[in-house]
Structures are given as C-alpha cells and as structure tokens.
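In: need a 3D model of the sequence below.
(one chain, ligands or ions: 2)
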Amino acid sequence: MTARQLANGSTERTRENDQRKRWNVPSAEQATDRALLQLAGISKRFSNGLVALEGVDLSVGPGEFVTLLGPSGCGKSTLLRVIAGLASPSNGRFDWPQSNHDGDGKPGRSLGFVFQEPTLLPWRTVADNVYLPLQLAGKRKGDVQDRIVEALAQVGLSRFVDAYPRELSGGMKMRVSIARALLTNPHVLLMDEPFAALDEITRTKLNNDLLELFARKHLTVIFVTHSVYESVFLSSRIVVMSARPGRVSAEIAIDVPYPRAEEYRMSPTYNDCCRRVSDALRRAMAETPFVSD
Ligand SMILES: Nc1ncnc2c1ncn2[C@@H]1O[C@H](COP(=O)(O)OP(=O)(O)OP(=O)(O)O)[C@@H](O)[C@H]1O
Ligand SMILES: [Mg+2]
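Out: Ligands and ions are numbered 1, 2, ... in the order given. Reported below is the predicted structural model:
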C-alpha cells in the first residue's frame, strides 16, 4: 500500500476492514466491548512507601496490540508485572472477564513475558534455554522437543538449535527470548522494552517479525517502549502514562490497517500519528505529579 493510498478516505476504509478481518485485529471500540483484561483503579505502593501507580484504569481486548508509553520511572514495568501476577496491586480491581480464555481457566498460564534483557543461561544451548520454563514445570525434554523446535522456527532460528548464546547476535538472543515466551502457547504476550538495546536496523526487522507473529498466532500483545516511532508502527492502541505515580494520561487508537509494511513508516499518516503521540507524551510529562510518597 502506498503512502498516498494510506492517506485516502473511504476506499481505504473498506480495505482496512478487510485487512482487519484477515489479521484479526479488532478496532479499539470492539476491543473494549469484549475485554480480555480489565484494570480499574489500580494503585501500587511499595513497602518503602513509594507510590508507583495511582488509579490506573485499562481495558485490553483480544487481538489488540496495546503499547504503554511514558517517561522513565512512571510505572510501566510495575504495571506489566501486576498484569503478569508478578506483583500485587495495593488497591483497585483486576479482572480477566473471559477467564476461560486459555482453555483451562487459568489466565496466568496463558501469559508469556519477554524482558528487556534476553536473560539466557550462557552454559545452555539455544534449545535448552527455550526448554527451561517447561523443565521447571516438570516436563521431560523428549516430550516437548517438537514444541521447542516449532518455537524456534517461529522466530527464524531453526538452524541455531544447538548454538550457545555467545555465538548469537543481540537480535538473535532476543529472538530466543521470544521463542521461550511462546513455548507455552500464550494468548497474551507481555513485552517490557524488548528491543531497546538493539541497533535501529535490527530493531526495525524485529518489529516487522513481531507483527507477523502477532497475526499468525492471534496474540494479544501488551508492549512497553520509550520510542514514539516504535509504538506508532506496532500498536493498534497507545496508552500514554503520566510521570510517577503513573496514571493513564491519554489513549490513542492507531487506526491504520495491518499488515503494516515499510511504506507505512514513510507515510504522512505515520508522521501524523507520531506527532499526535509525541504531543500527548509531552502533555503527560507536563502534568503535575501527584506526589504522595
Ligand atoms: N521493588 C520496588 N521497590 C520500591 N520501589 C520500586 C520497586 N520497583 C520499582 N520501584 C519504583 O517504582 C517506580 C516505577 O518503576 P518502574 O520500573 O515501573 O518504571 P518504568 O516506567 O518501567 O521505568 P523505565 O522506563 O525506566 O523502565 C520507580 O520510581 C521505581 O524506583
Ligand atoms: Mg521499565
């Protein structure tokens, strides 16, 4: 699709709807109507008294790609950890309304978490690093070998099954980390600045590959980044957070059809979205912090 076409009106809207169907990505309104995850008034006060989150309301629908964007220290990682069940909120309601969404009624089992660092064990091969979560769950490697091979194929690392982390580039290590998160077939993928440490070219490539995975596996993604450009390329919705204690300052739907090719990055629509998100981020950072700690 060309930049000119992207900037066009109703014909594009029809095509957009067709592509949404093909990529199974709901609009922001559709997603909110049938929420997978609902946070209401979530606050987080740490034991040292520091208030990281204050009254966060957020609803995420199946098939959305939601990005949390905000200044350093505003509580993005804390919010992701609350969603993952790795930290408990001090206040507020936290619900998975469709609690059977993972087939066995345990939302926790349906989550994959990708951290900023690939966190690979240097003495284990790529396959053994990917195997780790299932090993910890008591599964024998022989019984899950096919799943390991499949997960590595999904991130384009079939040829590196027996390699060690020291033999991989930074981007490849991050792919291993993503394969490890995909191994349990999660419905919801939580990603905390996964590409922040990578060079621009690798990051762009991984952005493209992530969107392919997002579509192919019908994932719901909650992604954290500092990059306005990355958020506008990837997301169906961007949640802009204000400075600590973190609150939702703005939500911006990126109503651009998937798949998003390189032309999108060059299009006036992309520029326009980046400007809107930058403005919202500037406003969020200017909001007077409510310091209660
Ligand atoms: N375990 C903890 N105990 C006390 N304070 C904490 C703890 N974890 C995080 N914090 C504080 O909570 C605030 C939010 O931290 P968090 O890591 O969620 O921010 P962030 O938005 O992810 O920042 P960044 O963009 O730099 O990664 C920070 O002020 C941090 O110092
Ligand atoms: Mg963080």
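
In: where do the helices sit along the chain?
Out: 3-6, 10-23, 28-33, 76-84, 126-136, 141-154, 170-182, 200-216, 228-234, 262-266, 268-286 (DSSP state H).

In: out of those, nearest to L189?
Out: L189 lies closest, by CB to CB, to one member of those: helix 170-182, at 6.3 Å. In this view, the C-beta of every residue, glycine as well, is placed from N, C-alpha and C.

In: relative orientation of the closest one and helix 200-216 in degrees?
Out: Angle of helix 170-182 versus helix 200-216, following axes from the mean of the first three to the mean of the last three CA atoms, to 10 degrees, is 20 degrees.

In: determine the set of other helices and strands touching helix 170-182.
Out: strand 111-114, helix 126-136, helix 141-154, helix 200-216 (3 or more CB pairs under 8 Å, 6 or more residues apart in numbering; DSSP states H and E).

In: hmm, who's touching the shortest one?
Out: If I follow you right, that is strand 111-114. Residues outside strand 111-114 that contact it (CB atoms under 8 Å, 6 or more residues apart in numbering): 80, 83-86, 174, 177-178, 181-184, 186-192, 194.

In: near ligand 1, which residues of the protein show up?
Out: Within the chain, the positions lying close to ligand 1 (CB under 6 Å from any ligand atom) are 46, 48, 50, 52, 70, 72-78, 244.

In: mind picking the two most distant members of those residues?
Out: Most distant of the residues of the chain next to ligand 1, by CB to CB, are N48 and G70, 21.3 Å apart.

In: of these two, which one has the most company?
Out: Higher neighbour count among N48 and G70: G70, with 25 against 6, using other CB atoms under 10 Å.

In: the nearest residue to that one once chain neighbours are set aside pairs with what?
Out: Closest residue to G70 apart from its sequence neighbours, by CB to CB, 6 or more residues apart in numbering: M241 at 3.2 Å. With DSSP bridges as the criterion, M241 is bridged to V248.

In: M241: how many residues sit nearby?
Out: Quick note: M241 (other CB under 10 Å) scores 26 neighbours.

In: can you pull the contacts of it?
Out: M241 makes contact with 68-71, 74-76, 79, 247-249, 284, according to CB under 8 Å, 6+ apart.

In: most packed of the helices and strands packed on helix 170-182?
Out: With neighbours taken as mean count of other CB atoms under 10 Å, the helices and strands packed on helix 170-182 reach their highest mean count in strand 111-114, at a mean of 22.

In: listing partners with orientation, what would you give for that strand?
Out: Looking at strand 111-114 with DSSP bridges, its partner strands are strand 188-192 (parallel).

In: for the record, mean pLDDT for the strand it pairs with?
Out: The average pLDDT within strand 188-192 is 94.

In: turn the helices of the chain into a markdown table, including mean pLDDT.
Out: Shown next, in a markdown table, are these (pLDDT from 0 to 100):
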| stretch | mean pLDDT |
| --- | --- |
| helix 3-6 | 39 |
| helix 10-23 | 51 |
| helix 28-33 | 62 |
| helix 76-84 | 93 |
| helix 126-136 | 93 |
| helix 141-154 | 92 |
| helix 170-182 | 93 |
| helix 200-216 | 90 |
| helix 228-234 | 96 |
| helix 262-266 | 92 |
| helix 268-286 | 95 |
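
In: still on that earlier bit, which of the residues of the chain next to ligand 1 has the most neighbours?
Out: G75 (27 neighbours).

In: nearest spatial neighbour of it, chain-adjacent residues omitted?
Out: In space, and not counting its chain neighbours, G75 is closest to G246: 3.1 Å by CB to CB, 6+ apart.

In: give me the distance between the one you found and K44.
Out: 9 Å (CB to CB, to the nearest Å).

In: mutual contacts of these two, please.
Out: Both G246 and K44 are in contact with 52-53, 75, 78-79, where contact means CB under 8 Å, 6+ apart.

In: follow-up on the earlier one: between G246 and K44, which is the more surrounded one?
Out: Comparing G246 with K44 by other CB under 10 Å, the one with more neighbours is G246, at 29 against 23.

In: got a list of what that one touches?
Out: By CB under 8 Å, 6+ apart, the neighbours of G246 are 52-54, 56, 70, 74-76, 78-79.
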